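Novice: Provide a 3D model corresponding to the input given below.
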Amino acid sequence: MVNSQYMRVLNRMALCVVSGLLLQGVAQAQDAKVGSIQISNAFTRSTVPGQQVAGGFMKIENKGPADELIEVSSPAAGDVQLHEMAMEGNVMKMRQVKDIPVPAGGAVELKPGGLHLMFLNIKAPFAAGETIPVKLKFVKAGVVEVKMPVNAMGGGAMH
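Specialist: Numbers count the residues shown, from 1 in each chain. Next comes the predicted model:
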């Protein structure tokens, strides 16, 4: 009887240790809200020394009238632009866009291979586990700051 209780305690302790190790180096996504706009599942990925660019991803939900994301900035990069990737013939091309429409009562996802943020002239490598402050400016809703978690290279969004 004592041995089975002891084993249950050891199993719980092992589970806690393993969970802690899995979460080490992974920052949790933090939701943000401004006006009728809700930001969720924001993340970027770690970079290597000398890497000057990184992508930023998130879901933008709009509970109100149509709006547009028109400007992005971060102290972690010299510039942050709105970008999209799209197929042109058989070639995947990336280009800067002036805004990202957010439909009334709808949502838009910024994700790899589609619409995304592009951090340019990164000031220091993005390290897994840290967060990158990013300001998003919408035409109607205004400005909101998002703490964007940095996930390990190859890691996706944390749900």
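Novice: the protein: helices as residue ranges?
Specialist: 2-23 (DSSP state H).
Novice: ok, now how distant is I100 from M58?
Specialist: Separation of I100 from M58 (C-beta to C-beta, to the nearest Å): 11 Å. Placement of C-beta: from N, CA and C, glycine included.
Novice: comparing these two, which residue is more hemmed in?
Specialist: A side-by-side neighbour count of I100 and M58, using other C-beta atoms under 10 Å, places M58 first with 26 against 21.
Novice: how about the more buried one: what's its closest non-neighbour residue?
Specialist: The shortest distance from M58 to any non-neighbouring residue, by C-beta to C-beta, 6 or more residues apart in numbering, is to A42 (3.8 Å).
Novice: thought I60 was touching A107, still the case?
Specialist: Yes: the pair A107 / I60 is scored as a contact, 6.4 Å apart, by C-beta atoms under 8 Å.
Novice: OK, contacts around the residue nearest to M58?
Specialist: 29-30, 32, 56-58, 134, 146-149 (C-beta atoms under 8 Å, 6 or more residues apart in numbering).
Novice: closest to S73 out of those residues?
Specialist: Nearest to S73 out of the contacts of A42 is V134 (C-beta to C-beta; 7.4 Å).
Novice: contacting residues for the closest one?
Specialist: 42, 56, 72-74, 80, 117, 145-148.
Novice: any idea how far the most centrally placed residue in the chain is from F57?
Specialist: What sits nearest the mean C-alpha location of the chain, by C-alpha atoms, centre = their mean, is F43, with 1.8 Å. As defined by C-beta to C-beta, F43 lies at a distance of 6 Å from F57.
Novice: about what we covered before: who touches both of I100 and M58?
Specialist: In contact with both I100 and M58: L110, using C-beta under 8 Å, 6+ apart.
Novice: and the longest strand along the chain, how far out from the chain middle?
Specialist: Counting residues, the longest strand found in the chain (DSSP state E) is strand 77-88. In terms of C-alpha atoms, centre = their mean, to the nearest Å, the centre of strand 77-88 is found 14 Å from the chain centre.
Novice: need the strands for this structure, in chain order.
Specialist: 32-34, 37-45, 53-62, 67-73, 77-88, 91-96, 100-102, 107-110, 116-122, 131-138, 142-151.
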